[in-house]
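*Asks:* Sequence and predicted structure are below.
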Amino acid sequence: MQAETARGLLGLAATYTEEDFRRARRRALLRAHPDHGGSREELVLVEAAVSFLSTERTRQHDQPRESERRDYANIRDCPSFTIDALPVEAFEWLLLAAVELGDVVDDEPPYRLEVAMNPPAGPWVVLEVVPDAGSSTVSIMMDRRTDDASHEPAWTVTEVRDEWVSALNGLQTLS
């Protein structure tokens, strides 16, 4: 089935929202249902169109936008520091520090946190919290962006680690 044919069966325009799709699906299924004057063949065609368009939209939503694509070949992994707390509490401390250091992009509590650190040339950082005998080890993976002029890394892993440790220590003095 072609997308144009499927949209025609549902009465959808070339561009439509999820709400448009939901409403058109309901109307077409009611119109094609044998209890409402349609036929079994019409109902099968409408269901095929719904299935086709649902699969097409899922595929489109599964593809990351160009702005969200990360070059994972350019990421460096380096175990960094430990926190004397179990992962749930350590993760909460990291979230608080992230507010000061940048923008939280994604989080999977209590084990993974992605942060776009503040400019200038702040790196994309992924923090992974691993339980470790009553404490937590925080592993840092970071984007190896380079300064365009010197082609040297804008931030080293040590500098990123030191920023996080400093922010965490600053939080502990507040509590």
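*Replies:* Structure's in. What do you need?
*Asks:* Run the chain-centre distance for the host helix or strand of Thr5.
*Replies:* Take DSSP states H and E as the rule and Thr5 turns out to sit in helix 3-10. Centroid displacement of helix 3-10 relative to its chain, using C-alpha atoms, centre = their mean, to the nearest Å, is 31 Å.
*Asks:* can you map out the helices along this structure?
*Replies:* 3-10, 18-32, 40-62, 87-101, 157-174 (DSSP state H).
*Asks:* would JSON lines of the ones you listed with mean neighbour count and distance to Ser136 be doable?
*Replies:* The C-beta positions use only the backbone N, C-alpha and C, and glycine is treated the same way. Output for the helices of the chain, formatted as JSON lines (neighbours: other C-beta atoms under 10 Å; distance: least, C-beta to C-beta, whole Å):
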{"stretch": "helix 3-10", "mean neighbour count": "16", "distance to Ser136": "49"}
{"stretch": "helix 18-32", "mean neighbour count": "15", "distance to Ser136": "39"}
{"stretch": "helix 40-62", "mean neighbour count": "14", "distance to Ser136": "32"}
{"stretch": "helix 87-101", "mean neighbour count": "18", "distance to Ser136": "4"}
{"stretch": "helix 157-174", "mean neighbour count": "14", "distance to Ser136": "12"}
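*Asks:* least reliable of the ones you listed going by mean pLDDT?
*Replies:* For the helices of the chain, mean pLDDT drops lowest on helix 40-62, to a mean of 78.
*Asks:* Which secondary structure elements does it sit against?
*Replies:* On a contact count with 3 or more C-beta pairs under 8 Å, 6 or more residues apart in numbering; DSSP states H and E, helix 40-62 meets helix 3-10, helix 18-32.
*Asks:* List the residues that contact the residue in the chain sticking out farthest from the centre.
*Replies:* Distance to the chain centre peaks in the chain at Gly37, reaching 44.9 Å (criterion: C-alpha atoms, centre = their mean). Counting by C-beta atoms under 8 Å, 6 or more residues apart in numbering, Gly37 touches Arg31.
*Asks:* Pull up the gap between it and Ser166, please.
*Replies:* According to C-beta to C-beta, to the nearest Å, Gly37 and Ser166 sit 71 Å apart.
*Asks:* Pull the contacting residues for the residue nearest to the spatial centre of the chain.
*Replies:* In the chain, the C-alpha nearest the mean C-alpha coordinate belongs to Asp106, at 5.7 Å (C-alpha atoms, centre = their mean). Asp106 sits next to Arg112, Leu113, Glu114 when contact means C-beta under 8 Å, 6+ apart.
*Asks:* got the residues you listed as TSV, with neighbour count, pLDDT and distance to Leu95 columns?
*Replies:* Shown next, in TSV, are the contacts of Asp106 (neighbours: other C-beta atoms under 10 Å; pLDDT from 0 to 100; distance: C-beta to C-beta, whole Å):
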residue	neighbour count	pLDDT	distance to Leu95
Arg112	14	92	12
Leu113	22	92	7
Glu114	18	91	12
